[in-house]
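Trainee: Quick one, fold the following:
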Amino acid sequence: MQQGVPENLTIQQMAQVTGLSAHTLRYYERAGLLDLVDRNQQNGYRSYNERHINWIHFIKCLRATGMPIRDIRRYTELLQQGENTVRDRLNLLKAHRQRVEQQLREVKEHLEAVTRKIGYYETLD
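Mentor: Model prediction:
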């Protein structure tokens, strides 16, 4: 467990740790992106652990790089099916990496155009 993080987190604590809203965490659970989240026997509240924190951080990485929810759901399904899906998961991640690399090339080109325009305006001063 991460230093200073309780063993069993409530949804509010999980939201603080991950930077996601409680609404988003519930959505990810309904969308099939999170393993079943345990419920506290006494009050029925969700109970998250370190595994959930690590998985959420990976989901955030995939989302930040533009992976659609449907692809994250597919990856999650494959992961839950076990080791026999490693090749499929690898292929899914490689395809995503190719898309991200293409986007980076495009963003670099756009940045260079902006930089050229800035250079032009600076010569006018």
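Trainee: In the protein, what residue spans correspond to strands?
Mentor: Counting by DSSP state E, residue ranges of the strands within the chain are 38-39, 46-47.
Trainee: highest average neighbour count across those strands?
Mentor: strand 46-47 (a mean of 20; mean count of other C-beta atoms under 10 Å). C-betas here are computed from N, CA, C, even on glycine.
Trainee: Tell me which other helices or strands it touches.
Mentor: strand 38-39 (3 or more C-beta pairs under 8 Å, 6 or more residues apart in numbering; DSSP states H and E).
Trainee: So which other helices or strands are in contact with the helix-or-strand element of the chain with minimal mean pLDDT?
Mentor: When each helix and strand of the chain is scored by mean pLDDT, DSSP states H and E, strand 38-39 comes last, with a mean of 78. Using 3+ C-beta pairs under 8 Å, 6+ apart, the elements in contact with strand 38-39 are strand 46-47.
Trainee: Paired strands for the strand it packs on, with orientation please.
Mentor: strand 38-39 (antiparallel) (DSSP bridges).
Trainee: Okay, buried residues for the helix ranked longest in the chain please.
Mentor: Assignment by DSSP state H gives helix 86-124 as the longest helix of the chain. Along helix 86-124, these residues count as buried under the neighbour rule (16 or more other C-beta atoms under 10 Å): 89, 92, 96.
Trainee: so where's this structure uncertain?
Mentor: The chain contains residues with pLDDT under 70 at 1-6.
Trainee: For residue 33, grab phi and psi.
Mentor: Dihedral angles of residue 33 (phi, psi; degrees, to the nearest 10) stand at phi -90, psi -20.
Trainee: neighbours around it, how many?
Mentor: 20 (other C-beta atoms under 10 Å).
Trainee: residues in contact with it?
Mentor: 59, 69, 72-73, 76 (C-beta atoms under 8 Å, 6 or more residues apart in numbering).
Trainee: separation between residue 92 and residue 54?
Mentor: Distance from residue 92 to residue 54, counting by C-beta to C-beta, to the nearest Å: 19 Å.
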